[in-house]
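Novice: Give me the fold of what follows.
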Amino acid sequence: MSKKITGEDGKTYKVKKPFYKRVWFWILVVIVVAIGGQMENAKNSSSKSASSEKTSSSASPSSKGPSSSVAKDTSGLTEANFNKITLSESNGTSVADVQKMFGKKADSTAEQTIQNVKSEMYTWSNVSGASFGSSIVVGFANDHAISKAVEGLKVNRNNKITLADFNGISNGVSKEDVQSKFGKPNGNSMTNIAGQSNEIWTYSSGINGNLGANFEITFTNNVVSGKTQTSMK
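Specialist: Alright, predicted model coming up:
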């Protein structure tokens, strides 16, 4: 209720409460504070979101930048790519795929008959990491690889292979056992025709014997089926 006072003129007046004492004023203050708080929260949230997006953008390398993840080119005339070539008359690796793996066309081509099958021979020279004069030769029949050979691979051996070691290898021994005893060969020649695989390993480094001493071991379906040696001691 408003307070009443009597003025000097004898009249009675109602005294109004100051605005800051009125209920509507404090309701209005509460509303203004609440709206202000919501606006500040929205502002902070927007600022954090923008900051997060900026950080994320900075952390993510540009696809055009030097640090972007790019698949490495694995093409090249290497032993690893030689090993990837599949031999089969029906689904052996194609000429185009071999050239793609090696990263270039063959240095020379020729024709040859392998086990009564006419094939085209493609030769690549200077195998990466191999000795001077190294090469890879792949034979194709109807655009399918049926033979492949590599020569001139560098192999360091802890001990020299003797004639007695060579004589200790008999037919029926597995490829794994031969490699376990002698290590990797310096050359490898393989064919896969009519369902039969034949492979010849050539050893020319770390051989005990005269100059040029070497030996070869032939495998048929992955076991020793023959061997020859030259100038070993």
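Novice: need the strands for this protein, in chain order.
Specialist: Listed in chain order, the strands found in the chain under DSSP state E are 3-6, 12-15, 108-114, 117-125, 135-141, 144-151, 187-193, 196-203, 209-220, 223-232.
Novice: Burial check on residue 184, number of neighbours?
Specialist: Per other CB atoms under 10 Å, the neighbour tally for residue 184 reads 15. For every residue, glycine as well, the C-beta is placed using N, CA and C.
Novice: Hmm, residue 155 and it touching each other?
Specialist: Yes: between residue 184 and residue 155 there is a contact under CB atoms under 8 Å: 5.1 Å.
Novice: Give me the neighbour count for the residue nearest to residue 145 when sequence neighbours are not counted.
Specialist: Counting by CB to CB, 6 or more residues apart in numbering, residue 145 lies nearest to residue 92, which is 3.8 Å off, once chain neighbours are set aside. Number of residues near residue 92 (other CB under 10 Å) recorded here: 23.
Novice: Tell me the spacing between residue 92 and residue 153.
Specialist: Separation of residue 92 from residue 153 (CB to CB, to the nearest Å): 22 Å.
Novice: Against residue 82, how distant is the residue nearest to residue 227 when sequence neighbours are not counted?
Specialist: Excluding the flanking residues, the one nearest residue 227 by CB to CB, 6+ apart is residue 217, at 4.8 Å. Look at residue 217 and residue 82: by CB to CB, they are 19 Å apart.
Novice: Quick one: residues contacting residue 182.
Specialist: When contacts are counted by CB atoms under 8 Å, 6 or more residues apart in numbering, residue 182 touches 157, 161, 165, 203.
Novice: if we go to 10 Å?
Specialist: The contact partners of residue 182, by CB atoms under 10 Å, 6 or more residues apart in numbering, come to 155, 157, 159, 161, 165-166, 169, 201, 203, 206-207, 215, 217.
Novice: What's opposite residue 114 in the beta bridge?
Specialist: Residues in a beta bridge with residue 114, per DSSP bridges, are residue 117.
Novice: unless I'm mixing things up, it is touching residue 121, no?
Specialist: Yes: under the criterion of CB atoms under 10 Å, residue 114 makes contact with residue 121 at 9.0 Å.
Novice: which neighbours do those two share?
Specialist: Counting by CB under 10 Å, 6+ apart, the residues touching both residue 114 and residue 121 are 139, 147.
Novice: Please consider this matter closed, and thank you.
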